[in-house]
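> here is my input; please provide its structure:
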Amino acid sequence: MSQYMNSLQDLGMEGGTRLEAPPSVLHELNLANKRLEKLLGDLRNERNADADLRRIARDVVRAVELNPDIALACLFLNQIAGTYAVRHCIETAIVVIMVARGLGRAPDEVVSLTAAALTMNVGMLRHHDSFQSKPGSLNSEEMAIVRRHPEDSAEMLKYAGVDDEEWISCVLMHHENDDGTGYPAGMTREQITHNARLLSLADRYCARVSARNYRCSMLPDEALEKLLHDPAHPADPALLEQFHLQVGKFPPGVLVQLSNGEMGVVTSRDAGDGVLEVHCMRDGAGKALPSAIQRRTDQPECAIKQALTEDQADFRFSMKQIWGAQAAL
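Below is the predicted model of the structure:
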């Protein structure tokens with residue numbers, strides 16, 4: 001290839017024509033988060049919010065479809081800005097989309113499920129961040145708000161023009177338990193829809209792996225293990241299987257140490273062969289590598305030994321550095 005063609009490619013051009021850069025998953029998710037935060041904050045004054053909420057849901061679905069690995073990595077690398085209350089809904093939606101698509105849900109159903117994830121907590125939006133930052137236990141009045149928020153959220157959505165039964169039912173049921181100990185209605189297994197179970201699973205997983213003011217996040221492999229074997233919340237085997245396939249024990253964005261001691265970040269999901277790719281940045285002695293090394297977990301001594309916290313890994317990087325233009329801010 002000529003030096004001229006190399007220069008054109010560096011400029012994003014080919015044959016003298018500038019090529020469009022691929023949309024950034026990270027940028028699109030942050031735009032959706034910003035729009036969602038504004039809309040949910042004003043929802044009590046809206047009477048026809050269905051179209052706007054669906055538009056945001058579709059944009060989140062498209063962002064995930066652009067590159068599911070980057071979308072998942074945004075969650076584990078804390079790359080979605082804004083308040084925890086709304087960020088958690090976006091992160092839950094990312095997981096819901098991936099599992100729903102793995103289950104073969106129709107596109108319209110995926111949008112309804114995504115919209116439910118984005119709006120499931122709107123009934124306590126004004127309290128959510130203060131609750132999650134409170135060092136002690138919630139008092140009885142605060143607990144009443146928490147236990148009532150699925151109903152409050154559903155009522156607010158109906159008042160704002162939402163009449164999608166699948167969407168509303170998922171919001172109403174996402175805190176119900178098989179044994180009737182959930183809320184707000186104390187439903188039992190046969191009453192809870194499959195999609196509500198999916199939303200509940202994603203909600204609980206994302207809550208565990210997200211850092212809060214009052215506690216550190218749980219490492220993803222531990223969070224998945226607790227989710228798969230939680231006696232208080234037995235899940236449908238098909239849901240658990242897809243959750244394991246689509247998210248996995250060590251999802252993209254997770255910091256890991258390999259058997260040879262090298263440390264890096266997982267960059268892709270298992271493609272069905274049990275192999276993950278890892279972008280390594282520190283050697284076995286903990287020293288920064290002069291240039292990043294790409295490892296596959298099927299290479300000798302490159303199996304993942306353990307997931308790491310940010311403090312344990314002690315290296316910093318931008319998502320664009322790892323995944324390129326689709327992960328640019």
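
> residue 119 is in contact with residue 153, isn't it?
Yes. At 6.4 Å, residue 119 counts as touching residue 153 under the criterion of C-beta atoms under 8 Å. No exception for glycine: its C-beta is placed from N, CA and C like everyone else's.

> any common contacting residues for the two?
Residues touching both residue 119 and residue 153 by C-beta atoms under 8 Å, 6 or more residues apart in numbering: residue 171.

> of these two, who's got more company?
Higher neighbour count among residue 119 and residue 153: residue 119, with 30 against 24, using other C-beta atoms under 10 Å.

> against residue 258, how distant is that one?
40 Å (C-beta to C-beta, to the nearest Å).

> show me where the stretch 51-200 of the chain has its strands.
With DSSP state E, counting those that start in this stretch as the criterion, the stretch 51-200 of the chain has no strands.

> where does it have low pLDDT?
Applying pLDDT under 70 to the stretch 51-200 of the chain flags residues 133-134.

> try 80 this time
Applying pLDDT under 80 to the stretch 51-200 of the chain picks out residues 128-136.

> residue 280 belongs to a helix?
No. Under DSSP: H, G, I helix; E, B strand; the rest coil, residue 280 falls outside any helix and is assigned strand.

> give the contact list for it.
If you count contacts by C-beta under 8 Å, 6+ apart, residue 280 has them with 258, 262-264, 289, 292-295.

> now intersect those with the strands, please.
Counted as lying in strands by DSSP state E, out of the contacts of residue 280, are 258, 263-264, 289, 292-295.

> show the buried residues in those residues.
Neighbour-count burial (16 or more other C-beta atoms under 10 Å) is assigned, among the ones in strands among the contacts of residue 280, to 258, 263-264, 292, 295.

> roughly how far apart are the residue nearest the centre of the chain and residue 253?
Central residue of the chain (C-alpha atoms, centre = their mean): residue 91, 3.1 Å from the mean position. Distance of residue 91 to residue 253, computed by C-beta to C-beta: 11 Å.

> show me the helices in the protein, by range?
Here the chain has its helices, by DSSP state H, at 3-10, 25-41, 50-66, 68-76, 84-102, 107-119, 125-133, 140-159, 165-173, 194-209, 220-228, 237-246, 310-313, 319-323.

> distance to residue 183 added to the ones you listed, as JSON lines?
Output for the helices of the chain, formatted as JSON lines (distance: least, C-beta to C-beta, whole Å):
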{"stretch": "helix 3-10", "distance to residue 183": "57"}
{"stretch": "helix 25-41", "distance to residue 183": "21"}
{"stretch": "helix 50-66", "distance to residue 183": "24"}
{"stretch": "helix 68-76", "distance to residue 183": "26"}
{"stretch": "helix 84-102", "distance to residue 183": "18"}
{"stretch": "helix 107-119", "distance to residue 183": "17"}
{"stretch": "helix 125-133", "distance to residue 183": "15"}
{"stretch": "helix 140-159", "distance to residue 183": "4"}
{"stretch": "helix 165-173", "distance to residue 183": "10"}
{"stretch": "helix 194-209", "distance to residue 183": "12"}
{"stretch": "helix 220-228", "distance to residue 183": "20"}
{"stretch": "helix 237-246", "distance to residue 183": "21"}
{"stretch": "helix 310-313", "distance to residue 183": "34"}
{"stretch": "helix 319-323", "distance to residue 183": "37"}
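
> residue 269 is nearest to which of those helices?
Closest to residue 269 of the helices of the chain is helix 68-76 (C-beta to C-beta; 5.8 Å).

> quick revisit: any common contacting residues for residue 91 and residue 253?
Common contacts of residue 91 and residue 253, defined by C-beta under 8 Å, 6+ apart, comprise 74-75.

> contacting residues around residue 175?
Shown in contact with residue 175 (C-beta under 8 Å, 6+ apart): 147, 150, 182-184, 200.

> 6 Å - rerun?
Residue 175 makes contact with 150, 182-183 under the criterion C-beta atoms under 6 Å, 6 or more residues apart in numbering.

> now these: which count as buried?
Judged by 16+ other C-beta under 10 Å, buried ones among the contacts of residue 175: 150, 182-183.

> can you give the domain ranges for this structure?
Domains of the chain are assigned by automatic domain parsing as 25-246, 255-317.

> okay, these in JSON lines with distance to residue 326 next?
Listed next are the domains of the chain as JSON lines, based on distance: least, C-beta to C-beta, whole Å:
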{"stretch": "domain 25-246", "distance to residue 326": "5"}
{"stretch": "domain 255-317", "distance to residue 326": "12"}
